[in-house]
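Chemist: predicted structure and sequence below. I'll ask about it afterward.
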Amino acid sequence: MTRQADGSGGNKGGSGRLDDVVARARRERDERLKGYRELSLRIHPWVCGRCGRSFTRENLHLLTVHHKDHNHDNNPLDGSNWENLCIYCHDNEHARYLDHQAGAGVASGTPSDGRQDATNRPFERLKDLLKPK
Ligand SMILES: [Zn+2]
Ligand SMILES: [Zn+2]
């Protein structure tokens, strides 16, 4: 799997307002992430912990840092809560976690219309981005 990520990001048209929110949240998140991402990349090898894909400086932006316990505020400096994951595996990981939560009966008031099965789920990412500190 050496397909080039196209970075198309899922611009589906529609509400530009959401795009704004996402863009801003992304920037704020980037600011916040900078610290531990760099640290994690320094501690851990540039390899996805799931699929084993390795990264270089050119595509390092596709390698993200995942919090093993899903708590973004838990950042031990020894890196024990961080895992380097490529963006695909990272998305997967979070989708699974959310599915698990939903399955466990967490009341979220999300309407379960079966039409939300698209692989691209911008709102899940948004939820993650907007997570309060
Ligand atoms: Zn991966
Ligand atoms: Zn994560």
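Modeler: Now that the structure is in, tell me what you want to look at. Ligands and ions are numbered 1, 2, ... in the order given.
Chemist: list the buried ones in the biggest helix by length in the chain?
Modeler: Taking DSSP state H as the criterion, the chain has its longest helix at helix 16-43. Using 16 or more other Cβ atoms under 10 Å as the test for burial, helix 16-43 gives 22, 25, 36-37, 39-41. In this view, the C-beta of every residue, glycine as well, is placed from N, C-alpha and C.
Chemist: now those residues in JSON lines, with distance to ligand 1 and pLDDT?
Modeler: Below are the buried residues of helix 16-43 laid out as JSON lines (distance: Cβ to the ion, whole Å; pLDDT from 0 to 100):
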{"residue": "22", "distance to ligand 1": "23", "pLDDT": "89"}
{"residue": "25", "distance to ligand 1": "23", "pLDDT": "85"}
{"residue": "36", "distance to ligand 1": "19", "pLDDT": "91"}
{"residue": "37", "distance to ligand 1": "16", "pLDDT": "92"}
{"residue": "39", "distance to ligand 1": "20", "pLDDT": "93"}
{"residue": "40", "distance to ligand 1": "15", "pLDDT": "95"}
{"residue": "41", "distance to ligand 1": "15", "pLDDT": "96"}
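Chemist: now for those: which two are most distant?
Modeler: 22 and 39 (25.3 Å; Cβ to Cβ).
Chemist: give me the pLDDT for the closest residue to residue 74 other than its chain neighbours.
Modeler: Distance criterion Cβ to Cβ, 6 or more residues apart in numbering; nearest residue to residue 74, sequence neighbours excluded, is residue 81 at 5.0 Å. Looking at residue 81, its pLDDT is 97.
Chemist: relative to residue 67, how far out is residue 81?
Modeler: Residue 81 sits 6 Å away from residue 67, going by Cβ to Cβ, to the nearest Å.
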